[in-house]
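Undergrad: Sharing a model that was predicted from the sequence below.
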Amino acid sequence: MTEQEQDRRALRTQQALINALLELLSTRHYDKITVQDIVEHANVGRATFYSHYQNKDDLLKSGFERILDTLVQQIVSFEKDQCLFDTSMLFHHAQGHYELYRTLIWGSGLELLTKEGHAALSKKIEDRFTLLLKGRQPPTIPLPVLSYSMAGSLLIMLKWWLDNKMPYSPERMDEIFQQLVMSGVRTVLGLTGTLGEQ
């Protein structure tokens with residue numbers, strides 16, 4: 001087997017384990033799911049699980065980071081001097097994967113979301129803004145601080161929305177986020193009138 005084939009096989013196994021965890025989350029609480037449940041659902045051996053992940057928290061973190069990668073690609077895009085940050089995608093995703101987000105926010109996954117998830121989202125936002133501002137004057141607030149604050153605001157709004165059983169549409173939540181948070185971010189980045197606007 002070539003190295004490329006091994007890499008593809010490893011990715012398939014990791015995805016199968018992540019999918020198994022997500023499917024199990026739709027029927028029971030995270031705390032009640034064991035590694036044995038996950039490997040049986042994914043139809044892989046325990047040794048295979050432990051060759052990829054230390055424990056189920058590590059698997060949850062990996063799954064959340066993959067989701068973040070996909071979402072950040074969708075919600076942050078560049079078009080010349082424009083940076084479109086459409087957070088409605090995140091709220092739509094949370095709506096469609098309620099059990100996962102409920103676990104991350106209320107279950108044992110809370111620490112992963114508040115620490116790992118916040119840090120990962122912050123880093124991805126910072127990387128995007130670094131690309132956007134290439135060749136421009138640095139902002140008055142350091143990008144790591146701005147990005148961490150923005151990621152935290154987004155996660156807090158997401159938690160409030162889920163806590164309150166999603167009283168507004170994902171599009172409305174994006175509008176609120178744009179007004180509350182992104183207007184200030186646009187000003188700090190010197191992109192008033194472009195960032196987050198169609």
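TA: Alright, I've got the coordinates.
Undergrad: pLDDT below threshold where in the chain?
TA: Confidence mapping of the chain against pLDDT under 70 gives the ranges 1, 68, 70-84, 99-100, 102-116, 192-198.
Undergrad: Against which helices or strands is the longest helix seen in it packed?
TA: Ranked by residue count and defined by DSSP state H, the top helix of the chain is helix 3-25. Counting contacts by 3 or more CB pairs under 8 Å, 6 or more residues apart in numbering; DSSP states H and E, the secondary-structure elements packed against helix 3-25 are helix 35-42, helix 46-52, helix 56-75, helix 98-106. Any C-beta I mention is one placed from the backbone N, CA and C, and that applies to glycine too.
Undergrad: In space, what's closest to residue 174 - neighbours in sequence excluded?
TA: Leaving aside its sequence neighbours, residue 174 sits nearest to residue 88 (CB to CB, 6 or more residues apart in numbering; 3.7 Å).
Undergrad: any idea how far that neighbour lies from residue 118?
TA: The span separating residue 88 from residue 118 equals 20 Å under the rule CB to CB, to the nearest Å.
Undergrad: Same check on residue 61?
TA: As judged by CB to CB, residue 61 and residue 118 stand 12 Å apart.
Undergrad: Those two - which one has more neighbours?
TA: Comparing residue 61 with residue 118 by neighbour count (other CB atoms under 10 Å), the higher total belongs to residue 61, at 22 against 17.
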